[in-house]
Structure formats: C-alpha cells, structure tokens
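In: no sequence on this one, just coordinates:
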C-alpha cells in the first residue's frame, strides 16, 4: 500500500540532485510545530511513490501557515546535497537544513531581520559551500536606505549572514 501525499497549507518542494524526485516539506495543521519531510519518486510518473523521511518538532520555529521555500545546493560538490529550508515571517525568519535521509539541523533564526516572502527571496549564485540570495526584508538598512539585502547561506554548516 502506498502512502498518501501529505497536504500542508504552506509547503515547499525541491528537486533531488538527479531531478527524478521531489522533497516535500511542510507543517500540518494538526502537527503544531512539527516540520515533516517526504520523498516523492517520479521514476514512474504514472505511479509516483511517496516515502516519509523525517520530522522535527520545534513549536517556537515551525508554523503551518508561514510561507516556506526549499533550495538544493546548485553545484555537484556535495553528494546527497542537503535541502535548505527557509520559513518566512513578518518579524522573524527561520532556516534549517535537511539531509537526504530526513534529518534536520536545529532551526536557526535570523535575528533582527525577517524575510517577507519566498517571492522576494531569490538564489543568484553559489561559491564553495555558500549560496547567495537577494531578499527583501522587513527593515530598512541605514547604510543603503533599502529593504533589500544580499544573503549568504552556508549549505554545509547551516548558517547565514547578510551582505549589505
């Protein structure tokens, strides 16, 4: 018997590195504070198979109705590249990495700055262990007088920093 496809109010998906499957991540409305991950194989497009991978409970971080985005590191330097999960919010944003076997790192928060939406958060490049993003924030930068920041995320250590 195959598993049903989980349904979440604000999920995110990322292709695996072979581009024949998807990672589906989300928080169900009944699992307060629990991020869940599934692997959906599209090897047989007429009969996709779904495998639950793992979950992490952190009621201070994960919210069912907060928008999320998932990113796979865009280079072949890391076999079984982790999935970077970013959850957006009006006052704070969280991130975590998930390994290919469904293990999550502890969620970390971007202090003092929130990324507003996955629609204003775009990967623009990569170098070494880092991926570079441009993002709109909830705060106007005093130096640039802009709500847009450069963001650098480390896909091996799961940490992020801002570039003004």
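Out: Cool, got the structure. Owing to the predicted nature of the structure, the values given are computational and were not obtained by experimental measurement. Numbering: from 1, shown residues only.

In: For this protein, give me the ranges with low pLDDT.
Out: Applying pLDDT under 70 to the chain flags residues 1-2, 74-80, 111, 157-164.

In: From residue 97, how far off is the most centrally placed residue in it?
Out: Compute the mean C-alpha point of the chain, and by Cα atoms, centre = their mean the closest residue is residue 85, 1.5 Å away. According to Cβ to Cβ, to the nearest Å, residue 85 and residue 97 sit 7 Å apart. In short, each C-beta sits where N, CA and C put it, glycine included.

In: other SSEs contacting the helix or strand the residue nearest to the centre of the chain falls within?
Out: Using DSSP states H and E, residue 85 maps to strand 83-87. In terms of contacts (3 or more Cβ pairs under 8 Å, 6 or more residues apart in numbering; DSSP states H and E), strand 83-87 is packed against strand 21-27, strand 68-72, strand 93-98.

In: ok, 10 Å please
Out: strand 12-15, strand 21-27, strand 34-41, strand 68-72, strand 93-98, strand 130-136, strand 148-154 (3 or more Cβ pairs under 10 Å, 6 or more residues apart in numbering; DSSP states H and E).

In: Okay, buried residues for stretch 37-45 please.
Out: Across stretch 37-45, burial judged by 16 or more other Cβ atoms under 10 Å covers 37-40.

In: isn't the residue nearest to the centre of the chain right next to residue 24, touching?
Out: No. In this structure, residue 85 is not within contact of residue 24 by Cβ atoms under 10 Å, at 11.4 Å.

In: returning to what we had before: can you tell me, leaving aside adjacent residues, what's nearest to the residue nearest to the centre of the chain?
Out: Closest residue in space to residue 85, ignoring its immediate chain neighbours: residue 96 at 5.0 Å, by Cβ to Cβ, 6 or more residues apart in numbering.

In: wait, doesn't the one you found sit right on residue 71?
Out: No. Residue 96 is beyond contact range of residue 71, at 11.8 Å (criterion: Cβ under 10 Å).

In: Find residues that contact each of those two.
Out: By the contact definition Cβ atoms under 10 Å, 6 or more residues apart in numbering, residue 96 and residue 71 are jointly contacted by 82-86.

In: Can I get those residues in JSON lines including distance to residue 17?
Out: Shown next, in JSON lines, are the shared contacts of residue 96 and residue 71 (distance: Cβ to Cβ, whole Å):
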{"residue": "82", "distance to residue 17": "10"}
{"residue": "83", "distance to residue 17": "10"}
{"residue": "84", "distance to residue 17": "13"}
{"residue": "85", "distance to residue 17": "16"}
{"residue": "86", "distance to residue 17": "19"}
